[in-house]
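In: Dropping a prediction and its sequence here:
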Amino acid sequence: MLNIGQGRTDLLVSLVGRMVSTFGDEVALVALTLRLQAQGGRPWEVALLLAAGIMPLLFLARPVGRLTDSHDSRRLLVGAGTTEVACTVPLIVLHSVVGIILLVTVLGAAAAVASATWSALVPRIVGEDHVGQAVSAQQSLNALAMVGAPAVGGLLAGAFGTGLPLVIDAVTFVVLTVAAALVRTRRKLPRLDSDGPLAHGGFRIVRTDRVLGPLLTGLAVTILFVGMANVVLVFLIRATLHAGGVWYGFADAAWMTGVVAGSLGGGRVKRETAQTWATIVGAGVACAALAPFAVVPSVWMLLPLSVVGGAGNGYTATCFGTLLVRRTADAERGRVAAAANGVAGGAQGTSLLFGGAIAAALSPRAIYALAGALGAAVAIMIGVLNATRSGQMPRGRRSRSEELLGG
């Protein structure tokens, strides 16, 4: 249990609000995908829909980071939540592909602001010593929400039409906005001086960090490979293994179950060195678990592999999220969070394009073999680089936040 005194209520409010919003987002995404498919939408239109909610993380990373580090957190969170509600309501009845994609893009931009703001605010809520536990709790709760959300979205859309899931999503954004208003802890920093020493962009701050730079680069590549494989999962299950669509849901739920377990385990890793290695090994395990997908003779074998891969995913997400906060000065955390979200979002968006293009030339089994092997190789390379750099660094090196803050 987190021992954070007065901040406990703020943390619980933020955790619950963000989990509810994650659930609503996933339910709505399924409904919108089904709506486009029912209207005769083509695969590239579905890909645009998926990318529309992700790519603002990348393209708006710099302005979002500066906004987060120079404006009051409560105003940003309430404003982003209100924007999300305003964009979701028209989606309940809108069927125009162009209109849907435009609104989802605005939703992605608002979500980018909210995500970076929450990431920078949480250390203020829980204190520096409890960041790992807070990140672990948020990752595991979000994964739990994502286990059942796709099934709920599909069931609601099938029984009541695609409008109801979007009504639910709008309500969850209201909940998140109210949660943001109820959080008493606030983060408000002086306006950034464009010529000042702390005015560097988030990408530069991460790139110059000896630990975060290589890790984020490696994670972007592994995210690309995992996402590329996920694009063809449904084809592997239905066309290659000749199994029913329910197995697709089972495989996705198994992966998320592993993410929950890995997130909880990652929250128990305390030392920075151990968190770094857990990030690297977790990414390697997540990718290595994909390679056997290429040879399994029965669909049920995907479930334990998915749990193992998800556990690696959970360890990586939690430990890297903790490192990202602890190695960054408080005044820079909005920009760094926005940059990291941008890299991850860019990798996810690119994986959609690569997965679709490569699927035209390679079989699902070949794609899984390629993605698993290359992803594991990248993790090994990052591990070797980390071991080499660690051996060259003097003992007792302080984190960036300690150096900048004089800790």
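Out: Everything's here; your move.

In: so after whichever strand or helix holds Gln133, what's the next helix or strand?
Out: Using DSSP states H and E, Gln133 falls within helix 131-160. Toward the C-terminus, helix 131-160 is succeeded by helix 163-182 as the next helix or strand (DSSP H and E).

In: chain center to the helix holding Gln133, what's the gap?
Out: 12 Å (Cα atoms, centre = their mean, to the nearest Å).

In: Report the mean confidence score over that helix.
Out: Mean pLDDT, helix 131-160: 86.

In: Any regions of the stretch 1-150 of the chain where pLDDT drops low?
Out: Applying pLDDT under 70 to the stretch 1-150 of the chain flags the ranges 1-6, 43.

In: go again using 50 as the cut-off
Out: 1-4 (pLDDT under 50).

In: Just the buried residues of stretch 236-255, please?
Out: Buried residues in stretch 236-255, defined by neighbour count with 16 or more other Cβ atoms under 10 Å: 236-238, 240-241, 243, 247-255. In short, each C-beta sits where N, CA and C put it, glycine included.

In: farthest-separated two in these?
Out: Spatial extent of those (Cβ to Cβ) is set by the pair Thr240 and Ala253 at 20.0 Å.

In: quick one: Ala288 and Gly372 touch, right?
Out: Yes - with contacts counted by Cβ atoms under 8 Å, Ala288 reaches Gly372, the gap being 6.0 Å.

In: okay, those two: which has more neighbours?
Out: Gly372 (24 against 20; other Cβ atoms under 10 Å).

In: so who does the more buried one touch?
Out: Gly372 makes contact with Phe225, Ala229, Cys287, Ala288, Ala289, Leu290, Ala291, Pro292, Phe293, Ala294 under the criterion Cβ atoms under 8 Å, 6 or more residues apart in numbering.

In: where does it land on pLDDT?
Out: 94.

In: so it is in which element?
Out: Going by DSSP H and E, Gly372 is part of helix 364-392.

In: Please tell me how far Leu385 sits from Tyr315.
Out: Leu385 sits 19 Å away from Tyr315, going by Cβ to Cβ, to the nearest Å.

In: what's the answer for Val104, then?
Out: Distance from Val104 to Tyr315, by Cβ to Cβ: 31 Å.

In: out of those two, which sits in the busier spot?
Out: Under the criterion of other Cβ under 10 Å, the comparison of Val104 against Tyr315 puts Tyr315 first, with 31 against 24.

In: got the buried residues for the helix or strand harbouring the more buried one?
Out: Assessed by DSSP H and E, Tyr315 sits inside helix 302-326. Across helix 302-326, burial judged by 16+ other Cβ under 10 Å covers 302-303, 305-326.

In: Looking at pLDDT only, which of the buried residues of stretch 236-255 scores worst?
Out: Gly249 (75).

In: That one and Ala149 touch, don't they?
Out: No - with contact defined as Cβ under 8 Å, Gly249 does not count as touching Ala149 (10.9 Å).

In: and for those two, which residues touch both?
Out: Here Gly249 and Ala149 have no joint contacts, going by Cβ under 8 Å, 6+ apart.

In: Find me the pLDDT at Pro197, would you?
Out: Confidence score, pLDDT, at Pro197: 44.

In: mean confidence score for stretch 319-336?
Out: The predicted model assigns stretch 319-336 a mean pLDDT of 91.

In: Also stretch 384-395?
Out: 72.

In: Repeat that for stretch 358-368.
Out: pLDDT averaged over stretch 358-368 gives 88.

In: Counting neighbours, what do you get for Met55?
Out: Considering only other Cβ under 10 Å, Met55 is surrounded by 22 other residues.

In: so what's it closest to, chain neighbours aside?
Out: Gly349 (4.8 Å; Cβ to Cβ, 6 or more residues apart in numbering).

In: Now name the helix or strand holding the nearest residue to Ala180 once chain neighbours are set aside.
Out: Distances taken as Cβ to Cβ, 6+ apart place Leu77 nearest to Ala180, at 3.5 Å, with adjacent residues excluded. Following DSSP H and E, one finds Leu77 within helix 73-91.

In: again with Gly282
Out: Secondary structure from DSSP H and E places Gly282 in helix 272-288.

In: how about that helix: buried residues?
Out: For helix 272-288, the neighbour count (16+ other Cβ under 10 Å) marks 272, 275-288 as buried.

In: Please report how far Leu353 lies from Trp118.
Out: 28 Å.

In: Pick out whichever of those two has more residues nearby.
Out: Neighbour totals were compared for Leu353 and Trp118, and Trp118 leads with 23 against 15 (other Cβ under 10 Å).

In: quick one: contacts for the more buried one?
Out: Trp118 sits next to Ser14, Arg18, Leu77 when contact means Cβ under 8 Å, 6+ apart.

In: Assign a three-state SS to it, would you?
Out: Following DSSP: H, G, I helix; E, B strand; the rest coil, the label given to Trp118 is helix.

In: got the phi/psi numbers for Gly346?
Out: Gly346 has phi and psi values of phi -60, psi -40 when expressed as degrees, to the nearest 10.

In: so what's it closest to, chain neighbours aside?
Out: Nearest non-adjacent residue to Gly346, counting by Cβ to Cβ, 6+ apart: Leu58, 3.7 Å away.

In: Run a quick neighbour tally on the one you found.
Out: 21.

In: Work out for me the element it sits within.
Out: Here Leu58, judged by DSSP H and E, is contained in helix 56-59.

In: packing partners for that helix?
Out: With contacts taken as 3 or more Cβ pairs under 8 Å, 6 or more residues apart in numbering; DSSP states H and E, helix 56-59 sits against helix 97-126, helix 333-359.
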